[in-house]
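# Predicted model, plus sequence, below.
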Protein chains: 2
Amino acid sequence: MRIGLAQINPTVGDLSGNLRRLLAAYRDLIAAGAELVVTPELAVCGYPPRDLLLRTRFVTDVENATAELAATTTDIPLLVGTVIANPGTTGRRAFNAAAFCHHGRVQQLAKKCLLPTYDVFDEDRYFEPADAPAVIAWAGHRIGVTICEDIWANQSPGDQRLHRFDPVAQLKDEGVDLIINLSASPWYAGKAGVRERLVLDLATETGVPVVYCNAIGGNDELIFDGRSLVAAPGGRLIATLAPFAEDCRVIEIPLPAPSSSLPAPSAPLDPLADIHAALVLGLRDYAHKSGFTRALVALSGGIDSALVAELAVAALGAENVIGVSLPSAISSQHSRDDARALAANLGIRFETIAIADTVASAEAALGPIFAGRAPDVTEENLQARTRGVIMMALSNKFGALLLTTGNKSEIAVGYCTLYGDMCGGLAVISDLFKTQVYALCRWINREREIIPVNTIEKPPSAELRPGQVDQDSLPPYDELDALLTGYVEEGLSRDELIARGFAQTVVRDICRKVDLNEYKRKQAAPGLKITPLAFGVGRRIPIVQKYVG
Amino acid sequence: MRIGLAQINPTVGDLSGNLRRLLAAYRDLIAAGAELVVTPELAVCGYPPRDLLLRTRFVTDVENATAELAATTTDIPLLVGTVIANPGTTGRRAFNAAAFCHHGRVQQLAKKCLLPTYDVFDEDRYFEPADAPAVIAWAGHRIGVTICEDIWANQSPGDQRLHRFDPVAQLKDEGVDLIINLSASPWYAGKAGVRERLVLDLATETGVPVVYCNAIGGNDELIFDGRSLVAAPGGRLIATLAPFAEDCRVIEIPLPAPSSSLPAPSAPLDPLADIHAALVLGLRDYAHKSGFTRALVALSGGIDSALVAELAVAALGAENVIGVSLPSAISSQHSRDDARALAANLGIRFETIAIADTVASAEAALGPIFAGRAPDVTEENLQARTRGVIMMALSNKFGALLLTTGNKSEIAVGYCTLYGDMCGGLAVISDLFKTQVYALCRWINREREIIPVNTIEKPPSAELRPGQVDQDSLPPYDELDALLTGYVEEGLSRDELIARGFAQTVVRDICRKVDLNEYKRKQAAPGLKITPLAFGVGRRIPIVQKYVG
């Protein structure tokens, strides 16, 4: 059977836009010889629609869009991910479903059985689960239809098996000739390998081909990488679609007997190339889907802002990125020079706006009320916040998206100023530890110097006090990042971290900083997710709480 | 039977502090003659613990704290809300449970059956549901134990019945002499009446007394109002515990036959008094539980900041509140006078810090790059953000919690400046529509003028342009608030709003503003919830999305 995979980039809620993409893909794939066209999960409304699903008309509007799409189908069926109302009076109001559209109408529905509620997922909030996966009979074959989590029953995070029921085992028992999975599977570094293993194992265990159609694109914090897969019964890879790009392709599925001449799996992408591609896609989609063509980055001369500027250029084009240097009375000459050198290397517009006078003016206004009190973090924050005011004024005046430049290490311990360097619409690298920031910058420089070497080699500093460097008050970044991985991502206790070999004083200090700064993260810009556990919707820690463990 | 209700105020994650409160309540209630002591839901760890539940040691630590508590129990049992590990290898790692502690150890567990995943709730993310409610046999009685949602099976929001199973019906079938419910039921205006009706109906339907023990206190966005209830079989109210305050009381339950001389239900609180009490509790707990004794409010002379200052005084004491007037070149004389009059009425410290020079300095710094461009919203925001910088400097220097003053109407349509007046740690009135702000201020003034009458009577204005008033670009607030209730709280479509009688142009303009400003709300301070649907964790709308419905 020749299956057309419509690996498209839907925008959440953009029903008419998504319909246009789906129609174009359907027609193109038929023209290329498809006998059945498959889309990603919730392709009609985009993933994740979140509380749009609770609006009174949304489910109906998505159903109507699905019917409109179905009306265009001919003798080549379209299996499209969509939302369908739950006609019953018990349970959630909708199903996450695949509509089998054929000869002008929706002929059959396949509903999702397993609803994830971990990490970024809240599907039990919206959807009623199906009791069993659907089997669609078509062209003499029995096609088992699954949606995303349905094939992950044995792959729950940790050693705990989350789901009591395995839709794939049921399909195997019932007997099918082919399994199709419609997915919107958020990417993180390394996910592609996990997913490929899962799909290949699935083909091996069930003894039938598996067609896995994934979404691509950025929607808020989530990046979908595409890389749709087709696997043959022997557990061999027949095809992988493009990473981080739309790709509509017809793949011949060996039915009923597997072909014996299958190509070997393609070599995996360089992990850093993968992260770079993901961030570029996430940034571009966040900007373009919200109507911005231009971006602003405050260039400190440091490595974080350099990386964000490079990503912005890759996503939006050098002509659409403005770098701004905002020297204060404390800023070193090298920070100004490095910022300028970066802008020159990237070929972006570069502006310098000195903040010393504005800071002095605010300090003067506060002088009488601060009389007799020593300088402290207040004055440091005042500088950072004055920069925030200036950058936001530029963002307002030029209609450009301000990008924040904080990395995961800094954001974890609160080495960032709320309403200062945290000002902006998107936190591009908030899920990269500082060590990953260095690695990615070296990767960017693999052929020629784009990030100035001095920016990479000098000791990192916020330059909020003369001579200040990050390592004055933090452990070396490789140690810090390992500790944060344990505390933030793995949820380890202080005792477990000490047992891993971290010094007790360091563990206590860093964990305390992480806990105390929850209030800053509450007010942070959305950040692009690149790890299994990013700050944001996938991590829900109370702000005011006193657990020490 | 004499039941002791321990209506306490737990802090999330404060295991040792909560244990102290529970032990003291247990002892006091025994001294007052209790034969069984009951606590709120998750009293050991506080509600909601959210992703603390995913930390490796948290569940064990809560179990250990529970065992420590159980070790102190004598022949008077304690039924305490806590978390218990799921010993199985399938499903979530923990149960939301009530531990029946007696003679030094946990004798029996009652696990929650129905896990809410609507509004602010995410319980399916953390807990494994029980298949049936537990019945505990004690002192010759069969006690049905339910936890919060377990008694709400027939009360799901909207006309849809969310849950397929009703634990109360099962208890009725099995036959019990008494139903106990441990709750952490977040308050909203009107919730107390809904809850009382539910508990009275439950006693009527089941024919047995119902003991409902609720938490009190503020935890992040949520306010718990206490008001624990005891209802007799006839559906008559035996007792209601204090609203918005800790209250530990022994109530005699008529077992097995109901007494015939039951007191009538007490009169409900004035709805505005209720909202006021809730906001005071929420503000006080947010501040005190996070270690702040003092608060700062920017006083514009307008009604929102006046209300927030009054609430801060009620919560923290006049000596702990500082009001700051930040006049710009545009500010009217009446706004300065009204701010000063308010501070005098409240007896708080009052400071004036002029921002004109700092604004001028920032404008001068931006002058070259803005050359030839007309003033626009940029300059308005620059004023608001300069105020934010100054207020945050005061917050840093004095260690005082900055309170934001935006109301729900403004925040809905984006009439607030990100990093400007949105700076602060807690959004005290972000769930009050402007019309409710007026009503509450009039209520505050019911005996004497506290909020200056001029503040209430003058046309509301952000004073970011000379002569600007809110109604230049918004419909009258009563119309706006009705429209926002429909769009934001009820999720109505534009067509449904027009069918309600709102003008099409107004509907389109306001709904568009609500949608466009999702990015501001993403970065807002947490706000105290007082309606069934508040901005914050209970409302999860994508930032970048294009649904128009």
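Right, received. Where do you want to start?

# so what's the one residue in the stretch 401-549 of chain A that gets nearest to chain B up against?
Residue nearest to chain B within the stretch 401-549 of chain A: residue A:547 (2.9 Å; Cβ to the nearest Cβ). For every residue, glycine as well, the C-beta is placed using N, CA and C. Residues counted as contacts of residue A:547 (Cβ atoms under 8 Å, 6 or more residues apart in numbering or on different chains) are A:515, B:12, B:13, B:14, B:15, B:45, B:49, B:52, B:55, B:58, B:61.

# From residue A:437, how far off is the residue of chain A positioned farthest from its centre?
Here chain A reaches farthest from its C-alpha mean at residue A:372, the gap being 48.3 Å by Cα atoms, centre = their mean. Taking Cβ to Cβ, to the nearest Å as the measure, residue A:372 falls 41 Å from residue A:437.

# What of residue A:78?
To residue A:437, residue A:78 is 43 Å away according to Cβ to Cβ.

# Show me where the stretch 301-450 of chain A has its helices.
Ranges of helices in the stretch 301-450 of chain A, per DSSP state H, counting those that start in this stretch, are A:303-316, A:333-346, A:356-370, A:377-398, A:408-413, A:434-444.

# In TSV, list those along with mean neighbour count, distance to residue B:341 and mean pLDDT.
TSV is the format used below for the helices of the stretch 301-450 of chain A (neighbours: other Cβ atoms under 10 Å in any protein chain shown; distance: least, Cβ to Cβ, whole Å; pLDDT from 0 to 100):
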stretch	mean neighbour count	distance to residue B:341	mean pLDDT
helix A:303-316	26	46	98
helix A:333-346	20	48	94
helix A:356-370	19	21	96
helix A:377-398	23	30	96
helix A:408-413	25	42	97
helix A:434-444	20	51	97
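
# Export these to JSON lines and append columns for distance to chain B.
Shown next, in JSON lines, are the helices of the stretch 301-450 of chain A (distance: least, Cβ to the nearest Cβ, whole Å):
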{"stretch": "helix A:303-316", "distance to chain B": "14"}
{"stretch": "helix A:333-346", "distance to chain B": "15"}
{"stretch": "helix A:356-370", "distance to chain B": "4"}
{"stretch": "helix A:377-398", "distance to chain B": "4"}
{"stretch": "helix A:408-413", "distance to chain B": "14"}
{"stretch": "helix A:434-444", "distance to chain B": "23"}
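
# In space, what's closest to whichever residue of the stretch 51-200 of chain A sits closest to chain B - neighbours in sequence excluded?
Using Cβ to the nearest Cβ, the single residue of the stretch 51-200 of chain A nearest to chain B is residue A:57, 3.8 Å away. Closest residue to residue A:57 apart from its sequence neighbours, by Cβ to Cβ, 6 or more residues apart in numbering or on different chains: residue B:493 at 3.8 Å.

# and if you look at residue A:342?
The shortest distance from residue A:342 to any non-neighbouring residue, by Cβ to Cβ, 6+ apart, is to residue A:306 (5.0 Å).

# go on, residue A:421?
In space, residue A:421 is closest to residue A:384, 5.4 Å off (Cβ to Cβ, 6+ apart).

# Please name the residues that touch that neighbour.
A:417, A:420, A:421, A:462, A:464.

# mind giving me JSON lines with these and columns for pLDDT?
Formatted as JSON lines, the contacts of residue A:384 follow (pLDDT from 0 to 100):
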{"residue": "A:417", "pLDDT": "96"}
{"residue": "A:420", "pLDDT": "97"}
{"residue": "A:421", "pLDDT": "97"}
{"residue": "A:462", "pLDDT": "81"}
{"residue": "A:464", "pLDDT": "78"}
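
# Pop the domain breakdown of chain A in here.
Domain ranges of chain A: A:2-258, A:275-470, per automatic domain parsing.

# Compute the number of surrounding residues for the residue of the stretch 1-150 of chain A found nearest chain B.
Nearest residue of the stretch 1-150 of chain A to chain B, counting by Cβ to the nearest Cβ: residue A:13, 2.9 Å away. Number of residues near residue A:13 (other Cβ atoms under 10 Å in any protein chain shown) recorded here: 26.

# Please read off the pLDDT at it from the model.
We have a pLDDT of 95 for residue A:13.

# any idea whether it is helix, strand or coil?
coil (DSSP: H, G, I helix; E, B strand; the rest coil).

# Looks like it contacts residue A:45 (just checking).
Yes: between residue A:13 and residue A:45 there is a contact under Cβ atoms under 8 Å: 6.5 Å.
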